[in-house]
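# generate coordinates for the sequence data below:
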Amino acid sequence: MASTFYLEMLSPEDIFFSGNAQQIILPAIDGSHGILPGHEPMVTVITAGELRFQDEKGEWHMAVITDSCVEIMPERVILLAASIERPEEIDINRALAAKRRAEERLRQKQSQQEYYQTQAALSRALARLKSRGRE
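Numbering: from 1, shown residues only. Here you go, the predicted structure:
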């Protein structure tokens, strides 16, 4: 059995990571998923939050992602997200402002669609803040 798989994490802005990895831990809609080489094929939804992956050298890396999707095959994992950020790239003041805006919008009467959009915005802000140790 192979000790690595090909991992590609993409956003509209760039290729966040492309290379071999030993494992990845994803915040999926139904709980965390740990993916190793040879994993059963599947496609699933990823929720906004932190993911961790171990590169082929054994070094761990962390990223904050928005709601996204991932295709998992035994020899590769392809993750597509609206945004993927390294914790050190996150502007804490901007994330705090986004959190406050989302919380205020949740207090106002909204349509169901607006409610879900606001919940998603709040989830993104909280994930960013959590990665920087500020919730």
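# residue boundaries of the helices in the chain?
Taking DSSP state H, the helices of the chain run over residues 92-107, 112-131.
# for I72, give me its contacts.
I35, H39, E40, P41, M42, V43, T44 (CB atoms under 8 Å, 6 or more residues apart in numbering). Bear in mind the C-beta positions are built from the backbone N, C-alpha and C, glycine included.
# need the buried ones from those residues selected in PyMOL.
This is how PyMOL selects the buried members of these, with burial counted by 16 or more other CB atoms under 10 Å:
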select buried, resi 35+39
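# which of the contacts of I72 scores worst on pLDDT?
Lowest in pLDDT among those is T44, which has 90.
# close enough to count as contact, R86 and A63?
Yes. Taking contacts as CB atoms under 8 Å, R86 lies within contact range of A63: 6.1 Å.
# quickly list what the residue nearest to the spatial centre of the chain is bridged to.
Among the residues of the chain, the one closest to the centroid is I65, at 2.7 Å (CA atoms, centre = their mean). Residues found in beta-bridge contact with I65 (criterion: DSSP bridges) are G49, I84.
# enumerate every residue touching it.
For I65, the contacting residues are 9, 27, 46, 48-51, 79, 81, 83-85, 127, by CB under 8 Å, 6+ apart.
# considering those, which is situated nearest to K99?
Among these, A127 lies closest to K99 (CB to CB), at 10.4 Å.
# what angle separates the longest strand belonging to the chain from helix 112-131?
Across the chain, the longest stretch assigned as strand under DSSP state E is strand 15-28. Strand 15-28 runs at 110 degrees relative to helix 112-131, counting by axes from the mean of the first three to the mean of the last three CA atoms, to 10 degrees.
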